[in-house]
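# quick one, what's the 3D model for this:
(chains A, B, C and D)
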Protein chains: 2
Amino acid sequence: MTQMTTVDAVMRTLADPTRRAVFERIVSSDEITVVDLTRGSGVTQGAISQHLKSLKQAGLVAERPEGRNVFYRAEPKGLAPLVDWMGDYAVFWRERFANLRTLLKEIDP
Amino acid sequence: MTQMTTVDAVMRTLADPTRRAVFERIVSSDEITVVDLTRGSGVTQGAISQHLKSLKQAGLVAERPEGRNVFYRAEPKGLAPLVDWMGDYAVFWRERFANLRTLLKEIDP
DNA sequence: CTAATGCATTAGTCAACGCTAATTTATCGA
DNA sequence: TCGATAAATTAGCGTTGACTAATGCATTAG
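Okay, here's the model as predicted:
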């Protein structure tokens, strides 16, 4: 129920190619500002800010203001609902999912 | 690149709550007809057929016509691009973040 | 044969969405 | 202090997308 809403938010947020590209770029970077994200994005700064707002509301990114800059970073927990959803509903591709779980387990210190 | 298009298709297809519910129901069933899917879906039969078309084009379901019925079933490989996409970013996290305990706890309780 | 059932498709409607341009607020440098 | 930069926000616009209602096309039942 509550979780389904979360899955819905994550799915909807990552469905847009531009917004997903922004997210991927944030993940690839350690921390990145809005101007840097705007560079080479193909859209205006305002659009980027809107996408960041969506990503933040979905719990996929977090922000750290510093002076007049705002640094964004990826929020690892944000994708958890997506993993859970796949665990619940995808019955047949257990092998691949098991591999992902194994990979994530290896990271566990 | 080619795969990114696939991820895009899967994400976009599963983003809609109604269509995702249809997919979930197909996964839960072994095989299921359009009328059965329409039952309790809250939308018309035409809408269901449209969603099924999207799901089929995204490679998430397959069909088996039998008489005037058409049985739909889940396509195992359909979610693979999504799993792979997440796997890629799990690797990124592995390199960049030391602590993923929270995520792991949610995934594997 | 005729009526009914299962499904796909189409046109049309309405709301949601992504984008731009412009404005606003806040902060930094000269 | 003043101009420039960073970021968020808003209104407005065009597009996409989900839905209904209606139609068409098979197939089955009576």
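# tell me the residues of chain A that contact DNA strand D?
Within chain A, the residues that sit near DNA strand D (C-beta under 7 Å from any atom of the strand) are A:33-36, A:45-46, A:48-50, A:52-53, A:63, A:68-71. The C-beta positions use only the backbone N, C-alpha and C, and glycine is treated the same way.
# which of those residues come close to chain B?
For chain B, no contacts are drawn from the residues of chain A next to DNA strand D by C-beta under 8 Å from any C-beta of the partner chain.
# just checking, which of those belong to helices?
A:34, A:35, A:36, A:45, A:46, A:48, A:49, A:50, A:52, A:53 (DSSP state H).
# separation between the closest residue to the third one other than its chain neighbours and residue A:46?
The shortest distance from residue A:36 to any residue other than its chain neighbours is 7.7 Å, reached at residue A:29 (C-beta to C-beta, 6 or more residues apart in numbering or on different chains). As judged by C-beta to C-beta, to the nearest Å, residue A:29 and residue A:46 stand 21 Å apart.
# ok, those two, which is more surrounded?
Higher neighbour count among residue A:29 and residue A:46: residue A:29, with 17 against 10, using other C-beta atoms under 10 Å in any protein chain shown.
# what's the spacing between that one and residue A:74?
Counting by C-beta to C-beta, the gap from residue A:29 to residue A:74 is 9 Å.
# then residue A:12?
Per C-beta to C-beta, residue A:12 is found 18 Å from residue A:74.
# list just the nearest of the ones in helices among the residues of chain A next to DNA strand D to residue A:23.
Closest approach to residue A:23 among these (C-beta to C-beta): residue A:52, at 9.4 Å.
# re earlier: looking at residue A:12 and residue A:74, which is more packed in?
residue A:74 (26 against 18).
# surely the more buried one is in contact with residue A:59?
No - at 10.7 Å, residue A:74 and residue A:59 do not qualify as touching, with contact defined as C-beta atoms under 8 Å.
# between the two, which contacts overlap?
Common neighbours of residue A:74 and residue A:59 (criterion: C-beta atoms under 8 Å, 6 or more residues apart in numbering or on different chains): none identified.
# low-scoring stretches of chain A, by residue?
Residues of chain A meeting the criterion pLDDT under 70: A:1-5, A:87-109.
# leaving aside the residues next to it on the chain, what's closest to the residue most central in space within chain A?
In chain A, the residue lying closest to the centroid (C-alpha atoms, centre = their mean) is residue A:60, at 3.9 Å. Leaving aside its sequence neighbours, residue A:60 sits nearest to residue A:78 (C-beta to C-beta, 6+ apart; 3.7 Å).
# how many neighbouring residues does the one you found have?
Number of residues near residue A:78 (other C-beta under 10 Å) recorded here: 22.
# likewise residue A:52?
Neighbours around residue A:52, by other C-beta under 10 Å: 21.
# so it versus residue B:35, what's the distance?
Separation of residue A:52 from residue B:35 (C-beta to C-beta): 44 Å.
# picking that back up, from residue A:61, how far out is the residue nearest to residue A:36?
With C-beta to C-beta as the criterion, residue A:29 and residue A:61 are 11 Å apart.
# and for these two, which residues touch both?
Common contacts of residue A:29 and residue A:61, defined by C-beta under 8 Å, 6+ apart, comprise residue A:73.
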